[in-house]
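Asker: Need the 3D shape of this:
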Amino acid sequence: MVRTSVLALLIALAFSLSMLAQVDQAIATQDMDRSIKPGDDFYRYANGGWLKTTTIPTGQTTFDNRAILVDRTSKRVRDLIQEAAAANSPGGSIAQKVGAYYAAFMDEDGIESKGLAPLTDEMARVSAITNKASLSAYLGTTLNSEVDGLTGNSDHIFGVWVNQSFTDSDHYVFHLLQGGLGMPDRDDYLDPSPKMADLRTQYKAHIAAILKLAGVTDAETKAARILSLEIQIAQSHAPDSDAADVFKQNNPWKRSDFDVKAPGMDWSAYFSAAGVASQSQFIVWQPSAVIGTSALVGSEDLDAWMDYLRFHLIEHYASVLPMSVGAEDFAFYGTILSGAQHMPDRSKLAIDATNAALGQAVGQLYTQHYFPPEAKKKAQAMVADLVTAYRARISNLNWMSPQTKEKALAKLAALRIGVGYPDKWIDYSTFDVVRGDAFGNMHRAEAFNRSLNLSKLQQPADPDEWRIDPQIVGAIILFTPNTETFSAGILQPPYFDSPGDTASNYGSAGAGMAHEITHSFDELGNIYDAHGRLGNWWTTADLANYQAAAAKLVTQFDGYCPLPDLCVNGKQVLGENVADLAGLLVAHDAYVLSLKGKPDVVIGGLTGDQRFFLAFARRWRKLLSEEGLRQQIKTDHHSPGEFRCDTVRNVEAWHKAFDVKLSDKLYLKPEDRAVIW
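Answerer: Prediction:
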């Protein structure tokens, strides 16, 4: 018994030392510059070492934590996919499908040997169009899934996003979105400037080049006709800015409305071919585009439409067609539109294609290696603390009326927050992936994902539907429904380290999560209720009180001038600054809750509160050129990182943690501190 106890003690001690080593690594004291007083320049006190030793990679204009995570995660995903391709995995398994998709995409010799033959069946369907009904039916088969309402640079005239409506949280509805343009934006077609006119000339030449590769005769004439049709489509498109206005998006149409409001298209043929003949309710995001494009179906020559469809068919599958097509595609989209001088490595394109086709399959491989269940449980525990802290904050707000607080608390109770990966993965068992058939794999992937998306229309809305692949470095917030999701890709050091320091996790990932939660209750989220339905639940007095409380943040940030002739616009960045401050306060409350009344340990001479605020400061470290800095301040709704770091000035716990005094440059008198959330 004694030996066992001693052995257990030694094992526990070794484990503790190991944990402390990991924690010390996590707090990254080498990234600090202790020669700077934290009360004078907290950003450089926390990040000075990193700023001195880090450089912007060649070919980039900026470098920050996100770039580090994207690079790290991309390499991990690449290795996992390539290992799956090299392995002899059981047929039908996730690894087999992922590996086979990648291997087929990398089989350039096989793709080259087939030429354009894989397009034969689709081209025949286009050639079989003989009237407006068959044209409408074919267009219905091109309907594709979208998530953000911006369907430019796509081969389909409309896109679909299946989501609950703005007034009904219990059912999915068909959101119809504009599309059909080969260039990214309507202004590319309509802007009369010489620069845009030249771009259209280059685009027309690109269309002709693609048609010639397909053996189409009189390619120049047909290219001009295709461009003319796209210009007419663009003329009816709503500007991208409308997509940010939910009230312009929320246009409920019944099935019968299409025939009356948007004549020209044979809508029965279109919706039947799209697989939604029984759908009775729709949300039309851009009515002008639906009306205008439908009219063109009725008025424009069939031959023009058929030329348009042939061109976009080739464009759509360019990545799995012979190299001559891919090279021409890159010459326009890569070089002319984006300024890239060299085509990406084929393996990178293959990784991207595999992720696009089998996102959650790759996500399963990723999380098995890099985000185990223990990490998810720790992240979920942090989320629970954040919600508890936010509930207390809302309950004690001075600027919200009692009635508004009640609605806010109801919305918080209904908020669904997912972390890491879904509890239920997509079932890919019916999706056949074949080595040596890159074109077929892509075609089947689109059919599978489209069917999966449309099948939701027959089911009750799922509030826990997973909206982002786990291997993506990011998060997503949806006001309709009332959900937020944080991927495994973003829940990694330096933001989140499952076996690492709790204080650092809450100061970084916790503050980031709480920032996003805030948006569900601020000027962005207050027009959506607890179930994601439209309905402003702030009163006029609430709004006035909120704006008065936020005025101090406007003044603070107006005073931040990184260059003699360049200052931050406090009003422009106010929404994000309020969320930063709320996120910091809520995360600190949650951190204190996580301690359960016990003091935190001191590590590397740093208290728990100090590590918390240092982690918050490290969130914002960033290298940026002067040109990039000027552009950010001019156009971005986010402040430069060093000033976001200075949000700590409004927090009493930060002043105490670093003994910040009246004589320090960052000291802020209590009466000057912003108190909002």
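Asker: Show me the contact partners of stretch 365-377.
Answerer: For stretch 365-377, the external contacting residues (C-beta atoms under 8 Å, 6 or more residues apart in numbering) are 73, 76-77, 80-81, 84, 94-95, 98, 419-421, 470-471, 488-489, 491-492, 498. For glycine as for every other residue, the C-beta is placed from the backbone atoms N, C-alpha and C.
Asker: ok, how many other residues are close to Leu309?
Answerer: Residues within reach of Leu309, counting by other C-beta atoms under 10 Å, total 24.
Asker: Does it touch Ser134 like I think?
Answerer: No. Using C-beta atoms under 8 Å, Leu309 makes no contact with Ser134, being 11.6 Å away.
Asker: for this structure, which spans come out with low pLDDT?
Answerer: Applying pLDDT under 70 to the chain flags the ranges 1-28, 146-155.
Asker: repeat that with 80
Answerer: 1-28, 59, 145-155, 243-244 (pLDDT under 80).
Asker: where do the strands sit along it?
Answerer: Taking DSSP state E as the test, the strands found in the chain are 62-64, 144-145, 158-164, 172-178, 252-254, 281-284, 416-420, 475-478, 483-487, 622-624.
Asker: looking at these, which is closest to His237?
Answerer: strand 172-178 (5.3 Å; C-beta to C-beta).
Asker: Note down every partner strand of that closest one and its orientation.
Answerer: Next to strand 172-178 in the sheet, as set by DSSP bridges, lie strand 158-164 (antiparallel), strand 281-284 (parallel).
Asker: still on that earlier bit, make a markdown table out of the strands of the chain and add distance to Ala244 and mean neighbour count.
Answerer: Conversion of the strands of the chain to a markdown table gives the following (distance: least, C-beta to C-beta, whole Å; neighbours: other C-beta atoms under 10 Å):
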| stretch | distance to Ala244 | mean neighbour count |
| --- | --- | --- |
| strand 62-64 | 24 | 16 |
| strand 144-145 | 21 | 18 |
| strand 158-164 | 15 | 23 |
| strand 172-178 | 14 | 24 |
| strand 252-254 | 20 | 14 |
| strand 281-284 | 16 | 20 |
| strand 416-420 | 24 | 23 |
| strand 475-478 | 14 | 18 |
| strand 483-487 | 19 | 24 |
| strand 622-624 | 25 | 20 |
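Asker: Using a markdown table, please lay out these together with distance to Ser639.
Answerer: As requested, those are exported to a markdown table (distance: least, C-beta to C-beta, whole Å):
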| stretch | distance to Ser639 |
| --- | --- |
| strand 62-64 | 14 |
| strand 144-145 | 35 |
| strand 158-164 | 31 |
| strand 172-178 | 32 |
| strand 252-254 | 38 |
| strand 281-284 | 35 |
| strand 416-420 | 25 |
| strand 475-478 | 19 |
| strand 483-487 | 22 |
| strand 622-624 | 11 |
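Asker: Nearest to Thr539, out of those strands?
Answerer: Thr539 lies closest, by C-beta to C-beta, to one member of the strands of the chain: strand 475-478, at 23.9 Å.
Asker: now for that closest one, which elements pack on it?
Answerer: Where contact means 3 or more C-beta pairs under 8 Å, 6 or more residues apart in numbering; DSSP states H and E, strand 475-478 is packed against strand 483-487, helix 511-519.
Asker: the inter-axis angle of the shortest one versus helix 511-519?
Answerer: This points to strand 483-487. 160 degrees (axes from the mean of the first three to the mean of the last three C-alpha atoms, to 10 degrees).
Asker: Number the chain from 340, please
Answerer: Yes, from this point I'll number from 340; that puts the last item at strand 822-826.
Asker: Walk me through which strands strand 822-826 pairs with, and which way each runs.
Answerer: Neighbouring strands of strand 822-826 in its sheet, by DSSP bridges, are strand 755-759 (parallel), strand 814-817 (antiparallel).
Asker: Could I get those in JSON lines, plus columns for distance to Leu934?
Answerer: Formatted as JSON lines, these follow (distance: least, C-beta to C-beta, whole Å):
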{"stretch": "strand 755-759", "distance to Leu934": "21"}
{"stretch": "strand 814-817", "distance to Leu934": "26"}
